[in-house]
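Asker: coords below, sequence missing:
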């Protein structure tokens, strides 16, 4: 059976951030940690080796594949900062006002926090969580 690589761990968030090579990305990671903690009300957890996640939900696809994932999160990667959100209905409209970014299905990539609107980031965090909690209602709060 397939085993997920990205699992919730008890590894230290601070230790992880302190090992980010770029000082600027480290500073942004601490700011994001504060923003996500404040907006979500969830304790940060390290998922796999490099994703800082908040809250969690259990998904199950029609194919039978299932697992747990953070409701929202981020990762200060070498090239860019990855922000993890659901693909909720308002997302594209919010991204139009978000600032300099690129995006994939579940990820939004930014170079630095100065490039984005923090208030829009906070709205995206809230909308992503609300969307996933409605989609997967039987979750831990």
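Answerer: Cool, the structure landed. As the structure is a prediction and not an experimental result, all values here were calculated from the model.

Asker: now the closest residue to residue 21 other than its chain neighbours: how far from residue 50?
Answerer: In space, and not counting its chain neighbours, residue 21 is closest to residue 78: 7.3 Å by C-beta to C-beta, 6 or more residues apart in numbering. Placement of C-beta: from N, CA and C, glycine included. For residue 78, the distance to residue 50 equals 10 Å [C-beta to C-beta, to the nearest Å].

Asker: strands of the protein, start to end?
Answerer: Ranges of strands in the chain, per DSSP state E, are 44-47, 51-54, 57-60, 66-69, 72-76, 81-84, 102-103, 107-110.

Asker: among those, which is the most enclosed?
Answerer: Of all these, strand 72-76 carries the top mean neighbour count, a mean of 25, counting by mean count of other C-beta atoms under 10 Å.

Asker: quick check: beta-bridge partners of the closest residue to residue 47 other than its chain neighbours?
Answerer: Spatial nearest neighbour of residue 47, excluding adjacent residues (C-beta to C-beta, 6+ apart): residue 53 at 4.4 Å. Legend: beta-bridge partners of residue 53 under DSSP bridges are residue 45, residue 73.

Asker: low pLDDT regions in this structure?
Answerer: For the chain, applying pLDDT under 70 flags the ranges 1-5, 139-141.
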